Each structure stands twice: as structure tokens, then as C-alpha cells.
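**Q** pasting the structure only:
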């Protein structure tokens, strides 16, 4: 039974270390990504590294305590077997030593229970971190998609504004030309004498005013879109830092 327990622990150790290193790497990547916006890439990497080193030290200390408890438990089991074989009623040095080891075992058991509680808390914290990291990655993905969509919309708005500006410029040139032609005709026969030209002039003026209003509306929409994108980016950075 003792040999089986030792073999089981030895076989499980590489997988446990592998899982722990994978978790550390995942935590490091996510933490650096969350802090790099505020601290910069190098500073974030140094900060995360110091925290992970401290966590590894605590994990190593916990492993040493557990191993010590396990070895002591095996030693007590061996002594119990020896006592059962001897089957002596009188107290002897071995019995005294056994009682001492039993007292030490009780103390170690209490310490192990405390360490187990801390281990459960650590495992729970690790699970929460994994869930949080998964949520952060998902938020980053959808955030990048949203930013890309906003940029595309902004580019379309800017293209539309540029097109409207060109159209407005052309309309103003046409209006100026019509005004010059109209002034010349007025000098010749008076504006009221040419109803077609008068109507065309009024239509041109109305169209120009409409385009100017539409251009102002597009400018407002562009400003709102830029503001929303910037506000959304700041909110994402605040969320990552707080988490």
C-alpha cells in the first residue's frame, strides 16, 4: 500500500507540474495584455513576472509542507506495523517514540488541514482566474471586431462627406455661374421676363441650401461616431485594469 501511494504520487507529479506551467503561461499572457496599455509592454512584463515568481515561491513552500506530511505519515505507518508485530504490552523506547511521532502527526495533520484549506482557496481562485481570462479574451475579440466595424463606418462616413463636399463645391460653382448669367439677362430684359430662368435659379438655391444642411448633419454624425469609439476604448481599458 505504501509503495503504491509513492508510485501514484510520482506518476502524477509531471502532469501536475505541466498543468501548473500551462496555467502560469496563460495568466502571464492575459495579465501582460491587460497591463500593457497602462504601464507599457516592458513595465507590464516586469510587473507580471514579479507577481508570478512570488506565487511560485508560495506554491513550492506548500508542496514542501505536503511532502513532509506525507513522509511522516508513511513513517508512522511503518512504526505501527512494527508495533503490531512485536505485540508488547510494556512501554519501550519504540512505544515512546511512537507516541512522540503520533503527537507530531496530530500537529502535522492540523497544519495539513490548514494547508488544504488554503489549497482549496487557491484552486478556487485559479478557476476564477481561468474563467476571467476566458472572458477577457472573448471581450478582446469582440472589442476588436467592434472597433474594426466602427472604423469601417467612419471611413464610409468620411468618404460620403468628401463626396458631398465635392458636390456642394460644384453646386456653388453652378450657382455662381447661374447668378452671373441671370444678372446679365436681368440687365438685358429683366428677371421677371424669363420665368424658366427664374425657376431654375430658385431650384438651384434650394438644392444648395439642402446640401449645406446635409453636410452639417454628416459632420455631427462623424464627431459622435469618433467620440463613441474613443469612449468605448477607454471603458475597455478601465475594465481590464480593474479586473
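**A** Right, received. Where do you want to start? None of the values given here were measured: they were computed from a predicted structure. Residues are numbered from 1 along each chain as shown.
**Q** tell me the domain boundaries of the chain?
**A** Following the assignment in automatic domain parsing, the chain carries domains at 2-140, 150-242.
**Q** Now mean neighbour count too, for those, in JSON lines please.
**A** C-beta: built from backbone N, CA, C; applies to glycine. Rendered in JSON lines, the data for those read as follows (neighbours: other C-beta atoms under 10 Å):
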{"stretch": "domain 2-140", "mean neighbour count": "13"}
{"stretch": "domain 150-242", "mean neighbour count": "13"}
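**Q** What strand or helix carries the residue most central in space within the chain?
**A** Among the residues of the chain, the smallest C-alpha distance to the mean C-alpha position (C-alpha atoms, centre = their mean) belongs to residue 136, namely 3.1 Å. When secondary structure is defined by DSSP states H and E, residue 136 falls within helix 93-189.
**Q** Can you name the next helix or strand after that helix?
**A** helix 195-242.
**Q** Check which helices and strands that following helix sits against.
**A** Packing contacts for helix 195-242, counted by 3 or more C-beta pairs under 8 Å, 6 or more residues apart in numbering; DSSP states H and E, involve helix 2-39, helix 93-189.
**Q** still on that earlier bit, could you dump the domains of the chain into TSV with mean pLDDT added?
**A** What follows is those, written out as TSV (pLDDT from 0 to 100):
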stretch	mean pLDDT
domain 2-140	78
domain 150-242	77
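**Q** Quick one: list the elements packing against the helix or strand hosting residue 54.
**A** Using DSSP H and E, residue 54 maps to helix 41-86. Counting contacts by 3+ C-beta pairs under 8 Å, 6+ apart, helix 41-86 packs against helix 2-39, helix 93-189.
**Q** how big is the angle separating the last one from helix 41-86?
**A** Between the direction of helix 93-189 and that of helix 41-86, the angle (axes from the mean of the first three to the mean of the last three C-alpha atoms, to 10 degrees) works out to 160 degrees.
**Q** any idea how far helix 93-189 is from the chain center?
**A** Relative to its parent chain, helix 93-189 has a centroid offset of 7 Å by C-alpha atoms, centre = their mean, to the nearest Å.
**Q** That helix - contacts with which helices or strands?
**A** On the basis of 3+ C-beta pairs under 8 Å, 6+ apart, helix 93-189 makes packing contacts with helix 2-39, helix 41-86, helix 195-242.
**Q** List the residues that contact residue 75.
**A** Applying C-beta atoms under 8 Å, 6 or more residues apart in numbering to residue 75 gives the contacts residue 101.
**Q** Return the distance of it relative to residue 153.
**A** Applying C-beta to C-beta, to the nearest Å, the value for residue 75 to residue 153 is 72 Å.
**Q** With distance to residue 215 as extra columns, can I get the helices and strands packed on helix 41-86 in a markdown table?
**A** Compiled in a markdown table, those are given as follows (distance: least, C-beta to C-beta, whole Å):
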| stretch | distance to residue 215 |
| --- | --- |
| helix 2-39 | 36 |
| helix 93-189 | 5 |
